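Engineer: Whatever this is, show me its structure:
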Amino acid sequence: QVQLVESGGGLVQAGDSLRLSCAASGRTFSRYAMGWFRQAPGKEREFVADISRSGGSTYYADSVKGRFTISRDNAKNTVYLQMNSLKPEDTAVYYCAATATLGSGIRGYDYWGQGTQVTVSS
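Structural biologist: Predicted coordinates for the structure are as follows:
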């Protein structure tokens, strides 16, 4: 069992930066690949970025590539999402999730956090 708690969301202006954190409970954090997803009002939850167990491999949605960076610190049981050059269309609830099988899509994620709101004003 893994429990995930996101933090770091807030209200910012377009062009600003935010860093989201996701703290995981338990001693098995390094056994899971991690992902960030987001869901805007009236839209389906969408993939943002993922990172392998070791942190050596990352993958991004085209919409955030070059602006967002995912990283993890296995010693701190934490995964991060650094978001730069934020745009109003980045406004959403951001969720972190854990999967034992990277590449299985959103349905392959076993554990989810409660989400943190990011609002970008124009």
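Engineer: Now the residue positioned nearest the centre of the chain: closest residue in space, sequence neighbours ignored.
Structural biologist: Among the residues of the chain, the smallest C-alpha distance to the mean C-alpha position (C-alpha atoms, centre = their mean) belongs to Trp36, namely 2.4 Å. Here the nearest residue to Trp36 in space, its sequence neighbours aside, is Val48; by C-beta to C-beta, 6 or more residues apart in numbering that works out to 4.2 Å. The way it works is simple: take the backbone N, C-alpha and C, and place the C-beta from them, glycine included.
Engineer: mind checking the SS state of that neighbour?
Structural biologist: Under DSSP: H, G, I helix; E, B strand; the rest coil, Val48 falls in the strand class.
Engineer: residues contacting it?
Structural biologist: Gly35, Trp36, Phe37, Arg38, Tyr60, Ala61, Val64, Phe68, Leu81, Tyr94 (C-beta atoms under 8 Å, 6 or more residues apart in numbering).
Engineer: next one: Asn74
Structural biologist: If a contact means C-beta under 8 Å, 6+ apart, then Asn74 has Phe29, Ser30, Ser54, Gly55 as its contacts.
Engineer: and the last one, how many neighbours does it have?
Structural biologist: Spelled out, it's Gly55. Gly55: 16 surrounding residues under other C-beta atoms under 10 Å.
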